[in-house]
Structures are given as C-alpha cells and as structure tokens.
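Trainee: pasted the sequence and its predicted model underneath.
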Number of protein chains: 2
Amino acid sequence: MSALSRKIQHVSDESESGFDVPKLSRSTLNEEVYEQLKQALISGKIAPGSTMTIRSLASSFGISVMPVREALRRLVAEHVLTLLPNRSVSLPVFTRERFNEITRIRTSLEGLAAEEGARHVTPKMLTHMTHLTSLMEAKTAVSHTDTLAWNREFHFTLYTASKMPTLVKMIESLWLQAGPLLHLQQRVFAAQKQPVYVQHHRAIQAIKSGKPAQVRDAIVGDIEDAAEIISAAL
Amino acid sequence: MSALSRKIQHVSDESESGFDVPKLSRSTLNEEVYEQLKQALISGKIAPGSTMTIRSLASSFGISVMPVREALRRLVAEHVLTLLPNRSVSLPVFTRERFNEITRIRTSLEGLAAEEGARHVTPKMLTHMTHLTSLMEAKTAVSHTDTLAWNREFHFTLYTASKMPTLVKMIESLWLQAGPLLHLQQRVFAAQKQPVYVQHHRAIQAIKSGKPAQVRDAIVGDIEDAAEIISAAL
DNA sequence: TTGCGTTTTTTGTGATCACTCATTACAAGC
DNA sequence: GCTTGTAATGAGTGATCACAAAAAACGCAA
C-alpha cells in the first residue's frame, strides 16, 4: 500500500512527572510524514534554501497530497520551514544574524530551564546525565548521530526536570530550527582528538552541590561554546 | 456563497511600475479562519475547556472542512489549542501552574526583546509609545478592547525594534496563548479610578536615558504586575 | 431504574477531483 | 535582438467522497 505503515506507538509517557497525555496513540500519516521530514532536517538531508513541493513529496512517499500538506504546514507554523509568497515552502538559509538570534533565545530559555530543572533533578536523572556524558567522551569511534542524540538527551533530561512543559516544547522547536547546523558542530567537535564536554561536567557538579544558578551558567556556556564553533564554520 | 469573502487588500504602495498603485494579495480561506479564531480567542468568545469540531465550525463558516482543519492544526502547532487523544481540539483550561510558567517564559523572552529593542528604538517609535501610554491613561471611557490593543502595540513596538523577528514571533505566540486571560487583567485595571501605567513610564524614561537594562526591568515589572492581578483573579 | 451490549451517528483522516494562480516557454510584433 | 502577449505546465487551495474509529443513542434484560 504505502511506504508508511500505520503503527501503534508509545507517546512520550513522562512517567515521573505525571503529565496528561494518554499512553497509546495511533499515528496518522501526517504525523509520520512530519517525523520523517524532521529526521531528514536534523540529519541535514535537505539543503537549506531548497524548496519542496507537496506533490513531489507525496509521490515519493507514495501517498496522497493531504498528509504532506499538513506536515509541511505544521513545520511552517513551527518556524522550521518558511512560506514563500508563492505559497510554496522552503528550508530557509541560515544567515549569521538568524543564527545569532536563535542562539540568544536559546541561552535565555535553556538557561531558565536548566536553572529550574536543577531544582528538581532526581538522583536517577543525574546518573543518567553523567552516563550520557561519559558515553559522548568515550574514545571508541561512534557515529555523529549517536553523539548528537546523547547530547540532546543530556540537555532535555535536565530541561524536562523543570516541569515546565511549554518551555520544553519551545526549546524543542528551537533545536529543530537549528537542526541543520547541529551536526556541523559535532563534526568539529569530533575533529578534536578527545572531545571533552567541560560544561557538562560543570553542570553536573553544580547540580550535585545544589547551585541552580551555576547550572544555568554551565548550560549557557555550553550553548555559547557550541555557537562559537558553528559561527566560525558558517 | 460563503460567510468569508475573499478580500482584496492593500499590501504595499511601492510600485516600480510607474503609477499603478496597490499591490494585491489574496488571502486564503484557512488564513481567514485562522484570523477569525484568533480574534474569537483573544476576545474571550470561546470558553476554556470547550472542544470544537471541524464540521460544526465549517458549517457555521459556510465552507468546507478543509480550511477549518488547517486553521485548527495551525493553532495546535502554536500551542494555543490542544489535541485531545480523540484527535479533536479544545481550548485548554488555564491552570495556575500553566499561567505561572507562561509568565516566567514571558519575562525571560520579553525582557530580552525589551533590552535589545531599547538599543534600536527610533525617536519616532518612542513618541509613538508615549502617545499610546497617554491614550491608555486618558480618563475618557474607552473600550477594553482598545486599551488592550494599545498596550499590545506599545509592547510590540519596542520588541520589534530589537530586529529579532524570530523572538518577536515567539512572543506573539505567548500572547496568543495567554489571550483569554489578558482582557481579565484589563477589567481589573479599569476598575481602578485612574489606571497608571507606572512601568510604561519607567520604560520610556530608561529608553530616553539610554539604559537598556532598566528597560528590561521595567517591562519585566510590567509583566509581573499584570500577572499578579490576573493570578489573584484566577 | 440500572447495567450492558448493540446499533446509529458523529467525527477525524485521507484520496481524488476541480479550480485558480504562478511560472515558464514560446512565438509574434516592435 | 529585445520586448510583450499568449499558451502550457506545474503547484497550492478547497470541495466532495469514502472509510474507520470514537461517541452517543438505543434497547433489552436483570
């Protein structure tokens, strides 16, 4: 029938924070397309500046235009894609101004999430974060994709602990917007013989000693360190 | 034909083709529906917690289901409406936790926008902001809707000056999410014999004396003052 | 009256078709 | 040769239909 199959999937259960959402949800085609496009974006498979048409995407997915339409509109609403005056969508090119703006917003929001998250981190989360950092620093050659995923989980474990779901969603949106550039950072990081995530360690230590403000500083530093690397390669 | 008519609207007057004036732009139905729903939301016409069906909205608009669908999905993507497990949408009820979260995010983002905007405000913008504030403080009885619109314009004039478009869009989204509560604030404010927008004056003075950090403080104070009022009435 | 299983209706999702606008190609005219 | 009007193609928008799942209504038995 189609390349996309209807599956039953778990929707972020967030067990300890006890949020609303139901345990099971059937995925729709437009959600599948949305996820696929998201993956394509963060893995850099889509060239910035390129426009995409509904029909071509639909035919390549083997489905009709409607789910593609909704997925694209959703990404536009999330500021990941932009709507051209022609009403066609494109992946915007990242200017240095836009990158700097996103970075400043990120330091503001993720700083808040980190400081507030630090107040609610459980010991289990902390060991998880420590584990993730050690994984990232392991000498064994790992794929950039994995490292990126670990880094992401490190940050969002902390952010989710803040119990500010709206804030976390906004940060996710920002990460998605910056998506095409994130793996660029990873490449540079990996070029160093042994990448050391100094700010991660600072954050972990600050959490242990119960200094939320220092956790904020560490996370902000982490973002700015990465931004510097990316900005140099832009 | 339909309750929503396609309108021709003036967009810009710069005509490079000699004299012929108005550039024409045709709005789509889903945008119309989106705007209508937005207006209904910020004017409090939709009860929090109420669910809305695509078909009923479509029939009341006199159009087919598709534009309504897209408009609703867009509002969901902007976190204004929520998607229930049934896949129907509803206007979420505002818990005190959610309101506090939104307020904290607002102080963070609008503080940034205010501080950065203060560095780029033109004299013309400043007089405009002063004028808006005096309008809001005028003794003559004005509608809450007007006051709300003036307040909104005051803030966004400052924010837009920051030249951070992504940031401004995110703030707009937050205002929309808080929309149903904003006119609640206005009602309380109007209950005072003569509302005085202290923080507005502080902001204006700080802009004049070139102290962006103080502008930030004033705007943050404005948000927190309003939040206190709303929180008390929640 | 209450509880439960069945039927009917409602509702969201996706496919297909028709329509309009934008863009391009092409050709006629200056 | 360059410009301009016109046809052709492509692409987004919206209407209608079909389908599946959820909700509501109903009926029957305890």
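Mentor: Looks like it arrived, so ask away.
Trainee: for the helix or strand containing A:Leu176, name the packing helices and strands.
Mentor: Assigned by DSSP states H and E, A:Leu176 belongs to helix A:165-191. Counting by 3 or more Cβ pairs under 8 Å, 6 or more residues apart in numbering or on different chains; DSSP states H and E, the packing neighbours recorded for helix A:165-191 are helix A:29-42, helix A:96-118, helix A:144-160, helix A:212-233, helix B:96-118, helix B:165-191. Every C-beta, even on glycine, is put in place using the N, C-alpha and C of the backbone.
Trainee: quick one: contacts of the shortest one?
Mentor: Counting by Cβ atoms under 8 Å, 6 or more residues apart in numbering or on different chains, the neighbours of helix A:29-42 from elsewhere in the structure are A:2, A:4, A:6, A:46, A:57, A:61, A:63, A:66-68, A:70-72, A:74-75, A:80, A:91, A:148, A:176, A:179-180, A:182-183.
Trainee: can you narrow these to ones near DNA strand D?
Mentor: Among the contacts of helix A:29-42, the residues within reach of DNA strand D (Cβ under 7 Å from any atom of the strand) are A:Met66.
Trainee: filter the contacts of helix A:29-42 down to just the ones in helices.
Mentor: In this view, the contacts of helix A:29-42 that belong to helices under DSSP state H are A:57, A:61, A:66-68, A:70-72, A:74-75, A:148, A:176, A:179-180, A:182-183.
Trainee: so how many other residues sit close to the nearest residue to A:Arg69 once chain neighbours are set aside?
Mentor: Closest residue to A:Arg69 apart from its sequence neighbours, by Cβ to Cβ, 6 or more residues apart in numbering or on different chains: A:Ile54 at 5.4 Å. A count of neighbours around A:Ile54, defined by other Cβ atoms under 10 Å in any protein chain shown, yields 19.
Trainee: A:Ile54 and A:Glu70 touch, don't they?
Mentor: No: using Cβ atoms under 8 Å, A:Ile54 is not in contact with A:Glu70; the gap is 10.0 Å.
Trainee: any regions of chain A where pLDDT drops low?
Mentor: A:1-26, A:139-141, A:189-195 (pLDDT under 70).
Trainee: how about the residues of it near DNA strand C?
Mentor: A:Ser2, A:Thr28, A:Leu29, A:Asn30, A:Ile63, A:Ser64, A:Val65, A:Met66, A:Pro67, A:Glu70, A:Pro85, A:Asn86.
Trainee: now, the most widely separated pair of those?
Mentor: For the residues of chain A next to DNA strand C, the farthest-apart pair by Cβ to Cβ is A:Ser2 and A:Pro85; their separation is 32.4 Å.
Trainee: residue contacts, A:Ala71?
Mentor: Contacts were defined as Cβ under 8 Å, 6+ apart; by that measure A:Ala71 touches A:Asn30, A:Glu31, A:Val33, A:Tyr34, A:Leu37.
Trainee: any idea how far A:Val198 is from the residue nearest the centre of chain A?
Mentor: Geometric centre of chain A, nearest residue: A:Trp175, 3.9 Å, by Cα atoms, centre = their mean. A:Trp175 sits 21 Å away from A:Val198, going by Cβ to Cβ, to the nearest Å.
Trainee: do A:Arg187 as well
Mentor: The gap separating A:Arg187 from A:Val198 is 19 Å, by Cβ to Cβ.
Trainee: and A:Leu181, by the same measure?
Mentor: Taking Cβ to Cβ, one finds A:Leu181 at 21 Å from A:Val198.
Trainee: can you check A:Ile54 too?
Mentor: Using Cβ to Cβ, A:Ile54 is found at 45 Å from A:Val198.
Trainee: domains of chain A?
Mentor: A:8-90, A:96-233 (automatic domain parsing).
Trainee: tally of neighbours for the residue nearest to A:Ser173 when sequence neighbours are not counted?
Mentor: Closest residue to A:Ser173 apart from its sequence neighbours, by Cβ to Cβ, 6+ apart: A:Glu78 at 5.2 Å. Residues near A:Glu78, counting by other Cβ under 10 Å, number 20.
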